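Colleague: Kindly return the folded structure for what I paste below:
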Amino acid sequence: MKGIASLAVSLAAALLVLSPAAKSAPPGPTIVDVALAANAEGGPFEGQLDSLIAAVLAADPIVLDTLSGNGQFTVFAPTDTAFADIGLEPDDITALGATPDGQALLTDVLLYHVAHGRRNSSAVLGSQRIRVLKGGFVFQSGGTLTDNNARPVGFVVTDVPAANGIIHVIDTVLSP
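Modeller: Numbers count the residues shown, from 1 in each chain. Take a look at the predicted model:
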């Protein structure tokens, strides 16, 4: 896992330098920067976001551009365990992204985890539904977040700030 994490960090850094969004990135660490730092050796989520990072790198570049550019976004970031629960490890995700259909699937799934606006946990739990970039909604009822299939989502940690939004680490891959 550490090998894929360091590869992901290197590749993400290279993509950020080459990305048009990087030129218009907000001052301070972006959602991508925060996720990479949190997942890095010694980070608070060391090795727990490898699958998410692999998915962002394997998806359409618009996902990376969005999460590293201007604007404010709320990201529901699944852990490696959440991806493993649906049978996906980082190497599987990378292979999936190598095909046009797989890349499109990863893009759709990831955009279902991102909403416009900076919503802290109280704003998330105070909303009945949150429109996501993929189209559609994630729902909240009685303090429980659910996806389109009414599967409950647990929060691992909330309110991780970035210059261009906020991250909530979750225990489930949301299903569009």
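
Colleague: measure the most far-flung residue of the chain relative to its centre to Asp159 for me?
Modeller: Using Cα atoms, centre = their mean, the residue of the chain lying farthest from its centre is Gly142. It sits 24.3 Å away. Distance of Gly142 to Asp159, given as Cβ to Cβ, to the nearest Å: 20 Å. C-beta here means a position set from N, CA and C on the backbone, and glycine is covered the same way.

Colleague: Rounded mean pLDDT for the host helix or strand of Val63, please.
Modeller: Element membership for Val63, per DSSP states H and E: helix 61-68. The pLDDT scores in helix 61-68 average 95.

Colleague: For the helix or strand just after it, name the packing helices and strands.
Modeller: Reading on from helix 61-68 to the C-terminus, the next helix or strand found by DSSP H and E is strand 73-78. Contact here means 3 or more Cβ pairs under 8 Å, 6 or more residues apart in numbering; DSSP states H and E; on that basis strand 73-78 packs against helix 31-39, helix 50-58, helix 61-68, strand 114-116, strand 165-170.

Colleague: Asp171 is in contact with Ile86, correct?
Modeller: No. Using Cβ atoms under 8 Å, Ile86 is not in contact with Asp171; the gap is 11.9 Å.

Colleague: Show the contacting residues for the closest residue to Pro27 other than its chain neighbours.
Modeller: Excluding the flanking residues, the one nearest Pro27 by Cβ to Cβ, 6 or more residues apart in numbering is Ala163, at 6.2 Å. Contacts for Ala163 (Cβ atoms under 8 Å, 6 or more residues apart in numbering) come out as 25-30.

Colleague: go with 6 Å
Modeller: 26, 28-30 (Cβ atoms under 6 Å, 6 or more residues apart in numbering).

Colleague: Return the distance of the strand ranked longest in the chain from the chain's centre.
Modeller: In the chain, assigned by DSSP state E, the strand with the most residues is strand 155-162. Between the centre of strand 155-162 and the centre of its chain there are 12 Å (Cα atoms, centre = their mean, to the nearest Å).
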